[in-house]
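**Student:** Dropping the sequence and predicted coords here.
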Amino acid sequence: MYHLLLFVIVLLLLVFVARVAYSIIWIPWIIARHFRVQGITGPSYRLIKGNTDEIHGMYAEVQSKPMALCHDILERVCPFYHKWSRMYGKTVLYWYGSKPKLVLSDPDMIKEILLKTGEGFERIDPNPSVKKFFGEGILVLKGEKWAMHRAIANQAFKIERVKLWVPQITDSTRTMFYKWEDEKKGIDEFEIEVSKDLHDLTSDIISKVAFGSNYEEGKEIFELLEQHYHLASLAIRSVYIPGFRFLPTKKNRERKRLEKKTYESIKALIEESHRAEHSSENLLSLLMSSHKFNNNETQRLRLDEIVDDCKNFYMAGKETSASSLCWALFLLGLNQEWQSKAREEVLTVLGPNASPTSEALSDLKLVHLILQETLRLYPNPGALVREASRRVKLGNIDIPAGTQLFLSITSAHHDAEFWGEDALEFNPMRFAEPRKHLAPYFPFGLGPNFCVGQNLALFEMKIVLAMVLQRYSFTLSPSYAHGPMLLMTMTPQYGMQIVFRKL
Ligand code: HEM
């Protein structure tokens, strides 16, 4: 009996060891060989962690000091691809734990993958620590569930609705100027670290237009989300160890606390909206209503789904727009001649005092070109990720199921082959000509997951930029240190110090 038990235990152990060896040694070896015969290589696979330690090391190195004041930022925002593409070619295979990752910067391939999301390519499941942050919201859902959330979001952010939000956006922007004037009483020239204020501003905007509440009421939620977002950003770069999230580590306990509090605060906001007279113009009320779908069935989102979507919209709407605005001010601070031309346009269209209206916004042609160029040089996010859900052919690459695809939007946006010799220079006029090749520009993504908030994003960025240009001339502060850093969005590592002078 004893021997039989021992035999079973040893057998089970052997099976376990064989399975582990199969998945962390045999499979990576087979996959590396599969790509090698197709001419695709990269850094050697390392047991368990893959190449994550090297990647962390490279990020630590580039982020240890500011970079030169130029737009050649790939080395800083994606140092591993910058290094490995020079060693192994444009398509690189590396390892995230035992997961194969293929980095791609070829515009046609990126385009195909984005267009075929849902048909052989899928958004990846974030690791459980990150998923805790996004929950079951639109940013992580797939298939039918995603389609239902997306249909509701399409309604919420359609252009007619966004136009109605213009007065709220101008109000929020004016409040930011009042705060500046209040802090810098009587001083005509003053320095502001704008990234914090722009985050507060876009929080305020997304809160007002989408949730019908204002920043002060939602402040607790923003603060919780901000802290939770920081922890989720750290988790993105680490290899996920199964079960680790259940250990009572300091970060895990903090994540749990934030999750619970966020849920309770958003739930309270929803219940308050239920009680109050709310306008059907806001996202929250749309999320709470019942909807008819293609099969004519009426469906309603559950409370936890609404809570998760709220979290997703808060972050998607706030982070990207705030960072993009930061880079727009940075670029105009550096390029005074473009700033003067843009101001001339704003003053011609709006005069010195009028608030932007939705009609006036369409006349701000140069401001629009400047924003397009900003999103080309400093894309948010700088990379997108997908996974092959089955074995797929991409051009002449045969990709096994389960391979993750890291799409380097920054590389495609900076590629001199498509954008010309001046690819790394700020030249808004390149967007005035119809582009020969549509592929290399993906600021809002492409295909089914194309940014649902694009209308809102462009409206708010145009409004804020126009209102700043109407009131101030500005330059980059001598204290500014250049440090674009890719977290979930492209943020200035050392802040964005701008010197404003009242007009
Ligand atoms: C400059 C500002 C913005 C930029 C550059 C931007 C960029 C993007 C990109 C590249 C994607 C595609 C992600 C993918 O394919 O995986 C995306 C998706 C998304 N964006 Fe934006 N975004 C911006 C502003 C906004 C705003 C204001 C909202 C509104 C709340 C928003 C909500 C979303 C949502 C919900 C998705 C996911 C759509 C889906 O999966 O169906 N974004 N955004």
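**Tutor:** Right, received. Where do you want to start?
**Student:** quick one: Arg46 and Gly97 touch, right?
**Tutor:** No - Arg46 sits out of contact with Gly97 when judged by CB atoms under 8 Å, with a separation of 9.7 Å. C-betas here are computed from N, CA, C, even on glycine.
**Student:** These two: which is more packed in?
**Tutor:** Ranked by neighbour count (other CB atoms under 10 Å), Arg46 and Gly97 place Gly97 first, with 21 against 15.
**Student:** Touching, that one and Lys49? I think so.
**Tutor:** Yes - under the criterion of CB under 8 Å, Gly97 is in contact with Lys49, at a separation of 6.4 Å.
**Student:** mind checking which helix or strand of the protein has the lowest mean pLDDT?
**Tutor:** Within the chain, no helix or strand scores below helix 215-237, which has a mean of 68 by mean pLDDT, DSSP states H and E.
**Student:** If Lys99 is in a bridge, with which residues?
**Tutor:** As for beta bridges, Lys99 partners with Tyr96 under DSSP bridges.
**Student:** do the same with the one 4 residues further on
**Tutor:** According to DSSP bridges, the partner residues bridging Val103 are Val92, Phe406.
**Student:** Count the residues that sit near it.
**Tutor:** When neighbours are defined as other CB under 10 Å, Val103 has 23 of them.
**Student:** so who does it touch?
**Tutor:** By CB atoms under 8 Å, 6 or more residues apart in numbering, the contact list for Val103 reads Tyr81, Trp84, Ser85, Thr91, Val92, Tyr94, Phe406, Ser408.
**Student:** The same query, at a cut-off of 10 Å, please.
**Tutor:** Going by CB atoms under 10 Å, 6 or more residues apart in numbering, Val103 touches 42, 78, 80-81, 84-85, 88, 90-94, 383, 404-408, 411.
**Student:** got it, and Pro167?
**Tutor:** Counted by CB under 10 Å, 6+ apart, Pro167 has contacts Lys208, Ser355, Pro356, Thr357, Ser358.
**Student:** Ok, Gly453 next?
**Tutor:** Shown in contact with Gly453 (CB under 10 Å, 6+ apart): 153, 156-157, 162, 206, 210, 283, 313, 316-317, 320-321, 444, 459-460.
**Student:** 6 Å - rerun?
**Tutor:** For Gly453, the contact set (CB atoms under 6 Å, 6 or more residues apart in numbering) comprises Phe157, Gly317.
**Student:** One more: Leu139?
**Tutor:** Shown here is Leu139, whose contacts under the criterion CB under 6 Å, 6+ apart are Asn312.
**Student:** For it, grab phi and psi.
**Tutor:** Torsion angles at Leu139 (phi, psi; degrees, to the nearest 10) stand at phi -70, psi -20.
**Student:** Tell me how far it lies from Lys311.
**Tutor:** 9 Å (CB to CB, to the nearest Å).
**Student:** With Ser473 instead?
**Tutor:** As for Ser473, its distance to Lys311 is 38 Å (criterion: CB to CB).
**Student:** anything in the helix or strand hosting Met467 near the ligand?
**Tutor:** Taking DSSP states H and E as the definition, Met467 sits inside helix 454-471. Yes - with CB under 6 Å from any ligand atom as the criterion, the ligand is reached by helix 454-471 at Leu456, Ala457.
**Student:** Helix 454-471 and the helix or strand following that helix, what's the angle between them?
**Tutor:** Sequence order places strand 472-476 as the next helix or strand after helix 454-471, per DSSP H and E. Orientation check (axes from the mean of the first three to the mean of the last three CA atoms, to 10 degrees): strand 472-476 against helix 454-471 gives 100 degrees.
**Student:** Let me know the secondary structure of Phe500.
**Tutor:** Put simply, Phe500 is strand when judged by DSSP: H, G, I helix; E, B strand; the rest coil.
**Student:** In contact with it, which residues?
**Tutor:** With contacts defined as CB under 6 Å, 6+ apart, Phe500 is in contact with Phe190, Tyr472, Phe474.
**Student:** Please identify the helix or strand for the first one.
**Tutor:** With elements delineated by DSSP H and E, Phe190 resides in strand 189-193, which encompasses its position.
**Student:** That strand: partners in the sheet, and parallel or antiparallel?
**Tutor:** The sheet places strand 189-193 alongside strand 497-502 (antiparallel), with pairing taken from DSSP bridges.
**Student:** Report the distance from the partner strand to the chain centre.
**Tutor:** In terms of CA atoms, centre = their mean, to the nearest Å, the centre of strand 497-502 is found 27 Å from the chain centre.
**Student:** buried ones in that strand?
**Tutor:** Of the residues in strand 497-502, Gln497, Ile498, Val499, Phe500 count as buried by neighbour count, 16 or more other CB atoms under 10 Å.
**Student:** helices and strands around the lengthiest helix in the chain, which ones?
**Tutor:** Longest helix of the chain, by residue count under DSSP state H: helix 303-334. When contacts are defined as 3 or more CB pairs under 6 Å, 6 or more residues apart in numbering; DSSP states H and E, helix 303-334 sits against helix 194-211, helix 250-275, helix 365-377, helix 454-471, strand 472-476, strand 490-492.
**Student:** who does the fourth one touch, helix- and strand-wise?
**Tutor:** Using 3+ CB pairs under 6 Å, 6+ apart as the contact criterion, the secondary-structure elements in contact with helix 454-471 are helix 159-164, helix 166-183, helix 303-334, helix 336-350, helix 365-377.
**Student:** Next: the first one.
**Tutor:** Counting by 3+ CB pairs under 6 Å, 6+ apart, the packing neighbours recorded for helix 194-211 are helix 166-183, helix 215-237, helix 303-334.
**Student:** Could you say which of these is packed most deeply?
**Tutor:** Greatest average neighbour count among those goes to helix 303-334 (a mean of 23), per mean count of other CB atoms under 10 Å.
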